[in-house]
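# Structure of the sequence below:
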Amino acid sequence: MELVKNIFFNTDKILENSKLKISYVGSLYQNASEEVFLHYGFGINWDNVSDIKMEKTELGFQCEIEIIESDLLHLCFRNANNEWDNNNGENYSFTI
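Here you go, the predicted structure:
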């Protein structure tokens, strides 16, 4: 799996029909945002888009999501002020 600075998973391989814990310490965490939301979807067309509020911990913002049957997972992050960390418009994409 390609490593991405500031995003960490509880596994080295993302598998369909499993839970994935995501930890985020990117720009929104570094800029002291009080709330961060994960915005994610699957496949080339961002199917099954969801938003989930992440829990703020001393290790960053964290949440757990269910990985559905797909080939790609796309992620980006936003705070309560609608400021985004979307990898400079490219989003963060991972192979399942």
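# and Leu28, what helix or strand is that in?
Assigned by DSSP states H and E, Leu28 belongs to helix 27-30.
# what's that helix in contact with?
Asn6, Val36, Gly60, Phe61, Phe77, Arg78, Asn79, Glu83, Asp85 (C-beta atoms under 8 Å, 6 or more residues apart in numbering). Any C-beta I mention is one placed from the backbone N, CA and C, and that applies to glycine too.
# in the sheet, who's paired with the residue nearest in space to the middle of the chain?
Centroid-nearest residue in the chain: Leu75, 4.3 Å away (criterion: C-alpha atoms, centre = their mean). Counting by DSSP bridges, Leu75 is bridged to Tyr40, Tyr92.
# What of Glu64?
Lys21.
# Hmm, Ser23 and it touching each other?
No: in this structure, Glu64 is not within contact of Ser23 by C-beta atoms under 8 Å, at 10.3 Å.
# Neighbour count: these two, which is higher?
When Glu64 and Ser23 are compared for neighbours, Ser23 comes out ahead with 17 against 13, by other C-beta atoms under 10 Å.
# I'd like to know how far that one sits from Glu90.
20 Å (C-beta to C-beta, to the nearest Å).
# and Glu16, backbone torsions?
Dihedral angles of Glu16 (phi, psi; degrees, to the nearest 10) stand at phi -60, psi 150.
# quick revisit: distance from the chain centre to the helix holding Leu28, please.
How far helix 27-30 lies from its chain's middle: 13 Å, per C-alpha atoms, centre = their mean, to the nearest Å.
# For that helix, give the mean pLDDT please.
Here helix 27-30 scores 95 as its mean pLDDT.
# Can I get that helix in PDB, CA atoms only?
Extracted in PDB, the C-alpha atoms of helix 27-30 (Å, rounded to 0.1, in the frame of the first residue of the first chain):
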ATOM      1  CA  SER A  27      -3.200  20.100   8.100                       C
ATOM      2  CA  LEU A  28      -6.600  20.300   9.800                       C
ATOM      3  CA  TYR A  29      -5.200  18.600  12.900                       C
ATOM      4  CA  GLN A  30      -2.000  20.600  12.800                       C
END
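# Sweet, I'm off.
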